[in-house]
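Participant: Got a predicted structure here, sequence first:
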Amino acid sequence: MAACGKLLGLLALLAAGAADVSVLNTCMDGKHHKTEPGKEDELHGQCSPWKENACCTNSTSHAAHDDQSYLYNFNWNHCGIMSPACKRHFIQDTCLYECSPNLGPWINKVDQTWRKERILDVPLCKEDCEQWWNDCRNDMTCKENWHVGWDWSQGYNQCPHTSKCQLWESVFPSPQDLCEKIWSNSYKYTTFTRGSKRCIQMWFNATQGNPNVEVAKYYANAGAGLSPWMLLVLLFPALLAALP
């Protein structure tokens, strides 16, 4: 009887440990996301690495490259024309957000009119944050948090009257400031490098596979505590003891 009780307890642990598998290969409940990831015949430009398994449609991938697109009507050029090198990172950022099925461990519920879920503290690779910051350092902006506080009176975001356009470095003194502040802590700056399997790459070469799959698995297992395999090891003796 005791063995059966122990068996039931370990089965409950196993179920709890395996539950985090549900955060792998998933799409967040956002404004333009598909309900589940899947193959797309084509994705445009910077979004193309995700075409084998994507949370975005081809239409969304095209819009991710446009100024003031139908996605969010966001004006990248609120303090003059954004440089192509800088804008490339924002396109990649949009593609990651809209297309990636590997952000599950960092999805949180929210109560907003335009989405029901968001990402929080996604660990970006050091190189991604630093290159983003370096390529934008000569651009200008008027705000450090681009999620809130804009003047939307014209239907697109404009700098609020109380702000002024400043050099990038004045608003974001470091790569960490940029990655963590610009989208309300959606991203977290890390010292992990590409290939470490401990950080999300904002963009990747699809011919070499999607490195973010393994990163999501690592953090899903870390959040679950004991891995399902370890729980099975613990379960095996109890299973034997319960046999007649």
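Facilitator: Great, that's in hand. A quick note: this is a predicted structure, and the numbers were derived from the prediction, not measured. Numbers count the residues shown, from 1 in each chain.

Participant: if I look at the residue most central in space within the chain, how far off is V110?
Facilitator: Nearest to the mean C-alpha position of the chain, by C-alpha atoms, centre = their mean, lies L103 at 4.7 Å. To V110, L103 is 14 Å away according to C-beta to C-beta, to the nearest Å. Placement of C-beta: from N, CA and C, glycine included.

Participant: The residue nearest to the residue nearest to the centre of the chain when sequence neighbours are not counted: how many residues sit nearby?
Facilitator: Nearest residue to L103, sequence neighbours excluded (C-beta to C-beta, 6 or more residues apart in numbering): I119, at 5.2 Å. Neighbour count for I119, taken as other C-beta atoms under 10 Å: 21.

Participant: Which element, helix or strand, includes R118?
Facilitator: Assessed by DSSP states H and E, R118 sits inside strand 115-119.

Participant: Tell me the confidence at G30?
Facilitator: G30 is assigned a pLDDT of 81 by the prediction.

Participant: er, P175 I mean
Facilitator: pLDDT, read off for P175, is 98.

Participant: Show me where this structure has its strands.
Facilitator: Using DSSP state E, the strands of the chain run over 107-112, 115-119, 122-124, 140-141, 166-167, 187-189.

Participant: Partner strands of the fifth one and their direction?
Facilitator: Its sheet considered, strand 166-167 pairs with strand 140-141 (antiparallel) by DSSP bridges.

Participant: Could you do the first one as well?
Facilitator: Pairing partners of strand 107-112, with direction, according to DSSP bridges: strand 115-119 (antiparallel).

Participant: What are the buried residues along the strand it pairs with?
Facilitator: 117-119 (16 or more other C-beta atoms under 10 Å).

Participant: ok, now stretch 131-150?
Facilitator: Buried residues in stretch 131-150 (16+ other C-beta under 10 Å): 131-133, 135-137, 139-144, 146, 150.

Participant: could those go into CSV alongside distance to C79 and pLDDT?
Facilitator: Output for the buried residues of stretch 131-150, formatted as CSV (distance: C-beta to C-beta, whole Å; pLDDT from 0 to 100):
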residue, distance to C79, pLDDT
Q131, 21, 98
W132, 17, 98
W133, 16, 98
D135, 16, 98
C136, 11, 98
R137, 14, 96
D139, 8, 98
M140, 4, 98
T141, 5, 98
C142, 6, 97
K143, 9, 96
E144, 13, 96
W146, 12, 97
W150, 12, 97
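
Participant: Same list (these) but as JSON lines, adding distance to S174.
Facilitator: Output for those, formatted as JSON lines (distance: C-beta to C-beta, whole Å):
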{"residue": "Q131", "distance to S174": "13"}
{"residue": "W132", "distance to S174": "12"}
{"residue": "W133", "distance to S174": "7"}
{"residue": "D135", "distance to S174": "15"}
{"residue": "C136", "distance to S174": "12"}
{"residue": "R137", "distance to S174": "11"}
{"residue": "D139", "distance to S174": "16"}
{"residue": "M140", "distance to S174": "17"}
{"residue": "T141", "distance to S174": "15"}
{"residue": "C142", "distance to S174": "19"}
{"residue": "K143", "distance to S174": "17"}
{"residue": "E144", "distance to S174": "12"}
{"residue": "W146", "distance to S174": "17"}
{"residue": "W150", "distance to S174": "23"}
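
Participant: So which of those residues belong to helices?
Facilitator: Members of the buried residues of stretch 131-150 lying in helices (criterion: DSSP state H): 131-133, 135-136.

Participant: Now do the contacts for W50.
Facilitator: 40, 43, 56, 95, 99-101, 206, 210 (C-beta atoms under 8 Å, 6 or more residues apart in numbering).

Participant: how about those in JSON lines, adding distance to C199, pLDDT and neighbour count?
Facilitator: Conversion of the contacts of W50 to JSON lines gives the following (distance: C-beta to C-beta, whole Å; pLDDT from 0 to 100; neighbours: other C-beta atoms under 10 Å):
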{"residue": "E40", "distance to C199": "25", "pLDDT": "92", "neighbour count": "22"}
{"residue": "L43", "distance to C199": "23", "pLDDT": "90", "neighbour count": "25"}
{"residue": "C56", "distance to C199": "22", "pLDDT": "95", "neighbour count": "31"}
{"residue": "C95", "distance to C199": "17", "pLDDT": "95", "neighbour count": "26"}
{"residue": "C99", "distance to C199": "18", "pLDDT": "95", "neighbour count": "29"}
{"residue": "S100", "distance to C199": "14", "pLDDT": "96", "neighbour count": "30"}
{"residue": "P101", "distance to C199": "17", "pLDDT": "96", "neighbour count": "24"}
{"residue": "A206", "distance to C199": "18", "pLDDT": "87", "neighbour count": "13"}
{"residue": "N210", "distance to C199": "14", "pLDDT": "95", "neighbour count": "19"}
